[in-house]
Each structure stands twice: as structure tokens, then as C-alpha cells.
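Engineer: structure of the sequence below:
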Amino acid sequence: MIELVLTRKYFLEGTNGKLEIEGRFICFTIELPWKNNEKQISCIPEGKYQLEKRYSKKFKWHIQVHGVKNRNLILIHPANDAKKELLGCVAPISELTGEGKGKKSIIAFNKLKALIYPLLELGEKVYLNVQS
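Structural biologist: The predicted model follows:
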């Protein structure tokens, strides 16, 4: 079992985070602000969730977060502005620029994908532990 740890800070306009594996920094993250887990307008609750590979026409190969209470299709995909580009999902970014905003999301996403896709392909269970 492999565990990614997402440590968050909550702000009025968005949620910023730092993603690590075994204490090593992977990238920053951005999400919507906390709004009591309301669909499409809130970041997901803190907790531990299983990750899986997923394909869609819109995002191509990306990552799905499973087990979020009262939510479905929570994804990890590129975005640089949480309020404009996310509906409850998590976006990896290379550089934070504000509350729920960042730069170079595709670079950070590809780094994350290159790290966890091989593990998933080997049959490893990969989890995301979201905390503050």
C-alpha cells in the first residue's frame, strides 16, 4: 500500500495544498473552498481515499478519487484556477499564485501520473490521505 499525503490550508477563495509521498514533496494542489462537501462547489472532506487510473474524452488519462462520501467522479486533473476549472476535483500545480490558483498544472500532473501509474499497473493500492 502506498499513501500520498495532501496537507491543506483553507482560504475563502480556495484551498491550497502540498502533496507528498513518504515525506518527499511531489507538487502543490488547488481545490475549491470548503463548503460542507456540497457537490461541485466544495473541496472534498478530509479522509483517506483510494486512487485509480481513469480515462475520459475530456481529460484523457487522469486519476479518480474513490470513496468520497455523497460525491462521485472526484478526479485529479490539470487546472490552474479552482473556481473557473474545478467542480470539486483536485488539481496538481507546480507553483501557488493565490487562493485556489496556481501555475504549470500540466507539468505537476504529469509528474504525479508518472509516479503513481506504474504503481497502479503493478497492482499496488494507492491512497490519498487528505488532512489539514
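Engineer: stretch 111-131: end-to-end distance?
Structural biologist: For stretch 111-131, the first and last residues are 22 Å from each other (Cα to Cα, to the nearest Å).
Engineer: run through who's touching that stretch.
Structural biologist: 1-8, 19, 21, 26-27, 44-53, 61-63, 65, 76, 92 (Cβ atoms under 8 Å, 6 or more residues apart in numbering). In this view, the C-beta of every residue, glycine as well, is placed from N, C-alpha and C.
Engineer: list the buried residues in the longest helix seen in the chain.
Structural biologist: Counting by DSSP state H, the longest helix found in the chain is helix 105-121. When burial is assessed from 16 or more other Cβ atoms under 10 Å, helix 105-121 yields the following buried residues: S105, A108, F109, L112, K113, L115, I116, L120.
Engineer: so the closest residue to the first one other than its chain neighbours: helix, strand or coil?
Structural biologist: Translated: S105. Excluding its sequence neighbours, the residue lying closest to S105 (Cβ to Cβ, 6 or more residues apart in numbering) is P78, at 4.0 Å. Here P78 is coil, with the state taken from DSSP: H, G, I helix; E, B strand; the rest coil.
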